[in-house]
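**Student:** Only the shape, not the letters, is given here:
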């Protein structure tokens, strides 16, 4: 996922771009030899892309940001933003550290990564720390034979400059601005696979090429309907039909036995309609994969263009539903410190009943539940209160823990100090937009996972 500064990953046409003559350039505080490939301005920097068939090589340089003063911490933060922010779970690799000109410290590391959108690739990151700033350059490639010379020359030519000598031909990273509707700092996200998501009142609008997908906030009650196709038609009439006219070729798909049962039902309907707002003729498809998930409205110029991008929906078995459902992941937004003040709460629970396989008699029940409430204060401190209970057959055990410390937020990462035994815990964080607010998702690897809503 593209952060405030990150690669844009959508592949260009599968042809080799003509090489550009290499010459020395400067972006903010970083001097570099311009590599071959198509030049493109990206958020917070410049990117150069070379593609041959399915092979690609992307090189990027970024404007400087404030430094923590610790080269290891600066590298960790950039790796989290630029590499882990893409959706990988690979730990930060060990770095090679060396002194660089003009009082800078250079940190360099490479790792093999893989994401559903980009496949398997190699990611290399170099950061420079010094003079109160940090700056970075990165490479993303899936073919060593194509890219080795370009990558080696590019990183060998990196030279950090003193702040006083650094030209200002690049704009600073974008400053988050609130919107009247929500007041949250970040309301747009650019993703590596080409999608751009924007929060709106009734949905999140995701756009890629000629396709628009509305990730609806509304969850109409479909419990009165026994059949999946009847429920789909009901939701179509509520969410889609009021904004269109002149419907034709409407098809509401009936469920098939392999779709996943009542809790994994695949809802789908499509048709050709006229958009009342624009007067344009469009193809609209409505889909939901599984109970409780979001309703997705796909808007494309024609049915053929919809099938080209998202795959053919079969009347029975054989549909790749993941291509449709994955667009719901575009409902992700970065977190700013000013978004947090207030009380946030998460709760969870589970129960298991044991039955004797020979007699069918109950053998008792085991259950567990917990709540976490975090109060974020405007001065950057927090108080976290955990309460839990678990037990079996009426014998319960109660536990609890309270932590107090400081909070540091950098878009997709949050650090909380003074946690268990005084440790500092690092969470991957993101907002999910809902009607009138946000859900705060916090994940600490496989150790801890919280999904918090703000209390009144």
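**Tutor:** Cool, the structure landed. Bear in mind that the values here come from a model prediction, so they are computed numbers and not experimental data.
**Student:** my guess is residue 126 contacts residue 151, does it?
**Tutor:** No: applying Cβ atoms under 8 Å, one finds residue 126 not in contact with residue 151, separated by 10.6 Å. Bear in mind the C-beta positions are built from the backbone N, C-alpha and C, glycine included.
**Student:** Tell me which of those two has more neighbours.
**Tutor:** residue 126 (25 against 21; other Cβ atoms under 10 Å).
**Student:** check which helix or strand covers that one.
**Tutor:** In the assignment (DSSP states H and E), residue 126 maps to strand 119-130.
**Student:** which residues sit against that strand?
**Tutor:** 29-30, 67, 69-71, 74-75, 78-79, 82-83, 100, 102-114, 134-142, 144, 151, 155, 158, 160 (Cβ atoms under 8 Å, 6 or more residues apart in numbering).
**Student:** Put the buried members of those into a ChimeraX selection.
**Tutor:** To isolate the buried members of those in ChimeraX, using 16 or more other Cβ atoms under 10 Å:
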select :29,30,67,71,74,75,78,79,82,83,100,104,105,106,107,108,109,111,113,134,135,136,137,138,139,140,141,142,151,155,158,160
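**Student:** Point out the ones among the contacts of strand 119-130 that are inside helices.
**Tutor:** Members of the contacts of strand 119-130 lying in helices (criterion: DSSP state H): 71, 74-75, 78-79, 82, 144, 151, 155.
**Student:** Reformat these as CSV; add pLDDT and distance to residue 273.
**Tutor:** Shown next, in CSV, are the ones in helices among the contacts of strand 119-130 (pLDDT from 0 to 100; distance: Cβ to Cβ, whole Å):
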residue, pLDDT, distance to residue 273
71, 89, 56
74, 86, 51
75, 88, 51
78, 85, 46
79, 82, 46
82, 77, 41
144, 83, 49
151, 87, 48
155, 90, 52
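**Student:** on contacts alone, who are the packing partners of the host helix or strand of residue 233?
**Tutor:** Under the criterion of DSSP H and E, residue 233 resides in helix 228-235. Where contact means 3 or more Cβ pairs under 8 Å, 6 or more residues apart in numbering; DSSP states H and E, helix 228-235 is packed against strand 244-252, strand 266-275, strand 281-289.
**Student:** for the longest one, which positions count as buried?
**Tutor:** So the one you mean is strand 266-275. 266-273.
**Student:** Note down every partner strand of it and its orientation.
**Tutor:** Strand 266-275 has its sheet partners listed here by DSSP bridges as strand 244-252 (antiparallel), strand 281-289 (antiparallel).
**Student:** Tell me what angle the strand holding residue 126 forms with helix 71-82.
**Tutor:** Interaxial angle, strand 119-130 versus helix 71-82 (axes from the mean of the first three to the mean of the last three Cα atoms, to 10 degrees): 140 degrees.
**Student:** Can you list the strands that strand 119-130 pairs with?
**Tutor:** With DSSP bridges as the test, strand 119-130 is paired with strand 104-115 (antiparallel), strand 133-141 (antiparallel).
**Student:** name the element residue 183 belongs to?
**Tutor:** Per DSSP H and E, there is no helix or strand for residue 183.
**Student:** any idea how far residue 39 is from it?
**Tutor:** In this view, residue 183 and residue 39 are 37 Å apart by Cβ to Cβ, to the nearest Å.
**Student:** quick one: which of those two has more around it?
**Tutor:** Taking other Cβ under 10 Å, residue 183 and residue 39 do not tie; residue 39 has more neighbours (14 against 11).
**Student:** tell me the SS of that one?
**Tutor:** The three-state assignment at residue 39 reads strand, by DSSP: H, G, I helix; E, B strand; the rest coil.
**Student:** For the residue nearest to it when sequence neighbours are not counted, grab phi and psi.
**Tutor:** Nearest residue to residue 39 in three dimensions, chain neighbours excluded: residue 48, at 5.8 Å (Cβ to Cβ, 6 or more residues apart in numbering). Dihedral angles of residue 48 (phi, psi; degrees, to the nearest 10) stand at phi -120, psi 130.
**Student:** show me what contacts residue 48?
**Tutor:** Neighbour list for residue 48: 34-40, 58-60 [criterion: Cβ under 8 Å, 6+ apart].
**Student:** Right, I'll leave it there.
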